[in-house]
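J.: everything below, folded, please.
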Amino acid sequence: MKLHGKIAAITGGTAGLGRGIAEAYLAEGASVALMARNAAKGQQVLDELGVGGRAVFVSGDAMVQGDVEAFIDATVKRFGTIDILVNNAGGAGDLQPMVNLSDETFDQAMKWNVYATFWASRRALKTMITQKSGRIINISSMEGKHGKAIFTAYTAAKHAIIGMTKSLAREVGTDGITANSICPGLVITDIIRSNGPAVAETMGLTFEAMIDLFAQESAIKRPNTVEEVAAVAVLLASPEGAGITGASISVDGGTAQY
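T.: Okay, here's the model as predicted:
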């Protein structure tokens, strides 16, 4: 029970990596607050988790500043504090070559990934600095370490998350707060299954061929799993992770080897 009694807030917490991290935290004794847009799905996830008051759901859009800040405030109001923030909300959105990339699409990538992380972190820090402890874990991507054609906006956003995390770590290290980013590689989640075929079509591939192409970029020649990413999120939130800060940890099967 490495996280016994700890309070975690997770954006994008009802599916994919967010839900996987929530389940891992609950298994280690934490209580969790989850934010996502779909209220019905949020209640369904709470029912499936079956942990009673140790999990709560707050409906909100990560691209709306007021929703993000209200989520942090609701977490503190419900549980009395916030010990761990996982900024998981984000995504690639519309993938286009830069020559066709609109300002609106680029702005959306920044809001969904960078601004959502910034808004939630800034709000949570008010509590964490006061209590002289906290863990901020930002979900970046292997695209935060290298480039990929047609992923321009997403790549720029995920690079920005890593840079913001590094600077934050230096700001708050003496306040007992760590800040790290996790850079997952290919993980087959529901959003990949639903949005992947359109991305594959843009690349002139079938969905299966695209998955195989991305997998072959790694050393292990397979996608990573949600559980593999969640295990790193547990480490960074646990007492054993106290000496890790400012890091961008790859969980990508050796795709970006730095």
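J.: list the strands paired with the helix or strand hosting Leu34, with their directions.
T.: Per DSSP states H and E: Leu34 is located in strand 31-36. Paired neighbours of strand 31-36 in the sheet (DSSP bridges): strand 7-11 (parallel), strand 55-59 (parallel).
J.: closest to Val251 out of these?
T.: Closest approach to Val251 among the strands paired with strand 31-36 (Cβ to Cβ): strand 7-11, 16.7 Å. Where you see a C-beta, it was placed from the backbone N, CA and C, and this is true even at glycine.
J.: chain center to the closest one: distance?
T.: Relative to its chain's centre, strand 7-11 lies at 11 Å (Cα atoms, centre = their mean, to the nearest Å).
J.: just after that strand, pick out the following helix or strand.
T.: Next element after strand 7-11 (DSSP H and E): helix 16-27.
J.: low-confidence stretches in the stretch 151-258 of the chain?
T.: Counting by pLDDT under 70, the stretch 151-258 of the chain contains no low-confidence segment.
J.: could you say which helix or strand holds the nearest residue to Thr105 once chain neighbours are set aside?
T.: Distance criterion Cβ to Cβ, 6 or more residues apart in numbering; nearest residue to Thr105, sequence neighbours excluded, is Asp94 at 4.9 Å. Using DSSP H and E, Asp94 sits in no helix or strand.
J.: returning to what we had before: who's in contact with the strand holding Leu34?
T.: The contact list for strand 31-36 (Cβ atoms under 8 Å, 6 or more residues apart in numbering) reads 6-15, 18-19, 22, 25-26, 42, 45-46, 53-60, 62, 67-68, 71, 74-75, 78-79, 89.
J.: tell me which helix or strand comes right after that strand.
T.: helix 39-49.
J.: can you get me a residue count around the residue nearest to Arg37 when sequence neighbours are not counted?
T.: The shortest distance from Arg37 to any non-neighbouring residue, by Cβ to Cβ, 6+ apart, is to Asp61 (5.3 Å). Asp61: 17 surrounding residues under other Cβ atoms under 10 Å.
J.: would you confirm that Asp61 contacts Gly12?
T.: No. Asp61 lies out of contact with Gly12 (Cβ atoms under 8 Å); the separation is 10.7 Å.
J.: just checking, what packs against the helix ranked longest in the chain?
T.: The longest helix of the chain (DSSP state H) is helix 152-172. Counting contacts by 3 or more Cβ pairs under 8 Å, 6 or more residues apart in numbering; DSSP states H and E, helix 152-172 is packed against helix 103-109, helix 116-131, strand 134-139, strand 177-184, strand 248-251.
J.: domains for the chain, by residue range?
T.: The chain breaks down into these domains under automatic domain parsing: 7-186+225-251, 188-223.
J.: out of these, indicate the one that is most buried.
T.: Highest mean neighbour count of the domains of the chain: domain 7-186+225-251, a mean of 20 (counted as mean count of other Cβ atoms under 10 Å).
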